[in-house]
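Q: Next come a sequence and a model predicted from it.
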Amino acid sequence: MLDLNGKAILITGGTGSFGKMFTKLILERNPDVKRLVILSRDEQKHFNMAMDFPETKYPAMRYFIGDVRDKERLERAFEGIDVVIHAAAMKHVHLAEYNPSECIKTNINGAENVIAAAIKCGVKDVVALSTDKACAPINLYGATKLTSDKLFIAANNIKGSRNIKFSVVRYGNVMGSNGSVMPFFLKRRKDGVLPITDKKMTRFNISLQDGCQMVFDAIEKSWGGELFVPKIPSYKIVDVASAIGPDCIQEEVGIRPGEKLHEEMITVSDALNTYDIGNYYAILPQKTIFKREEFIKHFNAKLVDPNFSYNSGDNEEWETIESLRELVKIHVDPNFKA
């Protein structure tokens, strides 16, 4: 089991939904963590998070105001850090379409700054969070995250003799995260009408806890350069609406700019370098920094079928209306009643 006691860890974008859950799990599992640095540009979110994780109770906590766009500030923050989790991003699709330059500055330039600072400061492990929208992207957000993924994977080629590994985790919609559909429907159901972008729409589904566990597993298992994809169920957007507001009218309003009807996490083109390693798929770079046959033997990895793809619309595992109601209670609102 991964032991982070005695380690110094930094989370970029650490005041967001992922950062708060990851912080909670680190402190529960590794009470003797040396230092846990939360890097975020939002001072109000820092203030709020410090109410939940005060330094008086958790002496390892550090609240570091900074922006991934600022390379010099990152170098200051990364000094003495062992593990960096890169969660900072502009993530709202429609806002990125309207503000493309700002999205590029954070998601691409920010990724380059994280990589450069990590190499310069002697960080040992870097795990970058990706998204299903980075797979065959049709929107600017997805395109910037695909570029970010490529940068982190390629960073393994420029590390020289330094003992550092870069890897990426890619997963789908996170239940209850900021801007996600479940809290939105819970808020809107009192109006008696739930807006549906398209009744054929599907999405992958993962809990915040499982997303965090993916990152823990990546820290532990990565050899450098892998893009890890979880095996997770899909849901139909109409089933989420029916689960949360069974008596509500479902009003179709049309797909927003940059949205897909179904999300992908692995394309047929990726299949040639995609391995089944149990709970996850691992997409390897065309040229690895390790011997591929040793990786296959170590993980008992199996190359997927050359025609394999992983799409939310033709997934083999699906959430039902009943299972979605249980998930809402567990992960979003414990007082929820349909």
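A: Arrived safely. Residues are numbered from 1 along each chain as shown.

Q: Compute the distance between Glu259 and Thr202, please.
A: 12 Å (CB to CB, to the nearest Å). C-beta: built from backbone N, CA, C; applies to glycine.

Q: the more surrounded of those two?
A: Neighbours per residue (other CB atoms under 10 Å) separate Glu259 from Thr202, with Thr202 holding more: 23 against 17.

Q: ok, the closest residue to the more buried one other than its chain neighbours - contacts?
A: Distance criterion CB to CB, 6 or more residues apart in numbering; nearest residue to Thr202, sequence neighbours excluded, is Ser312 at 4.4 Å. Listed by CB atoms under 8 Å, 6 or more residues apart in numbering, the contact partners of Ser312 are 132, 172, 202-204, 234, 262-264.

Q: By mean pLDDT, flag the weakest helix or strand of this structure.
A: strand 173-174 (a mean of 89; mean pLDDT, DSSP states H and E).

Q: how close does Arg62 get to Asp3?
A: 21 Å.

Q: Looking at the two now, which is surrounded by more residues?
A: Arg62 (15 against 11).

Q: Send over the helix or strand containing that one as PDB, restricted to the C-alpha atoms.
A: Following DSSP states H and E, one finds Arg62 within strand 61-65. Extracted C-alpha coordinates of strand 61-65, given in PDB (Å, rounded to 0.1, in the frame of the first residue of the first chain):
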ATOM      1  CA  MET A  61      -1.000  22.000   6.000                       C
ATOM      2  CA  ARG A  62       0.300  24.900   4.000                       C
ATOM      3  CA  TYR A  63      -1.900  27.400   2.000                       C
ATOM      4  CA  PHE A  64       0.100  28.800  -0.800                       C
ATOM      5  CA  ILE A  65      -1.400  31.500  -3.000                       C
END
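
Q: neighbouring contacts of the helix or strand just after it?
A: With elements assigned by DSSP H and E, the helix or strand that comes after strand 61-65 is helix 71-78. Applying CB under 8 Å, 6+ apart, the contact partners of helix 71-78 are 10, 37, 39, 64, 66-68, 84, 113-114, 116-118, 120-121, 123.

Q: Now with 6 Å, please.
A: Defining contact as CB atoms under 6 Å, 6 or more residues apart in numbering, one finds that helix 71-78 is touched by 39, 64, 66, 113, 117, 121, 123.

Q: Now do the contacts for the fifth one.
A: I take that to be Ala117. Counting by CB under 6 Å, 6+ apart, Ala117 has contacts 74-75, 78.
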